[in-house]
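1. Pasting the sequence and the predicted model now:
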Amino acid sequence: MEFNIRPMRLEDLPRVRELEELSFSLPWPERSFRYELTENKAARCWVMDTTDPVGNASLVAMLVLWKIVDEAHIGTIAVHPGFRRQGLGGGLLTHVLLAAAHEGIRSAYLEVRRSNLAAIQLYSKFGFEVAGVRKNYYQDNGEDALLLTLENLDLELL
């Protein structure tokens, strides 16, 4: 199976929303993605898709990043449950961080649930380190978020 990474488009929003609902207990509403695509000049929205041998297209992953001067804040990233543990999240993250570095971004940060060990393990492979804790960050259950940072984003390391 071949996978394609490309900028998100408005016609992707129904599938992006479905992916959000499958992935998160507090999914972003479709209007938030619409805003990121049409109004937020700092937003960089990406999707990964694939087409099966019969020609059916599937959106398998997405990521939203905000460029803030020379920093990147990863707002959300998700991989469809049927495609997890295949390296797709890492592939998408690599692509997006490379694109960000080409735009002059030198560091990145994100929040992740303390209990999301799979995501924490992925981010640590990229060199993200725990920089702090945001207490009671998640509204659904009051779980803390770990603030992860990647300093000195370097094209050579990705």
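-> Nice, thanks for sending it over.

2. okay, CA-based contacts and neighbour counts for the rest of this
-> Will do.

3. Would you mark the buried spots in the top helix by length along the chain?
-> With secondary structure taken from DSSP state H, the chain has its longest helix at helix 88-102. For helix 88-102, the buried set under the neighbour-count rule, 16 or more other Cα atoms under 10 Å, comprises Leu88, Gly89, Gly90, Leu92, Leu93, Thr94, His95, Val96, Leu97, Leu98, Ala100, Ala101.

4. Report the separation between the fifth one and Leu26.
-> For Leu93, the distance to Leu26 (Cα to Cα, to the nearest Å) stands at 21 Å.

5. Kindly report the same for the fourth one.
-> Shown here: Leu92 relative to Leu26, a distance of 22 Å by Cα to Cα.

6. Can you pull up the most central residue in the chain?
-> Ile77 (2.4 Å; Cα atoms, centre = their mean).

7. ok, and the closest non-adjacent residue to that residue?
-> Counting by Cα to Cα, 6 or more residues apart in numbering, Leu63 is the residue found nearest to Ile77 once chain neighbours are left out, at 4.2 Å.

8. hey, what's the one you found bridged with?
-> With DSSP bridges as the criterion, Leu63 is bridged to Trp46, Ile77.
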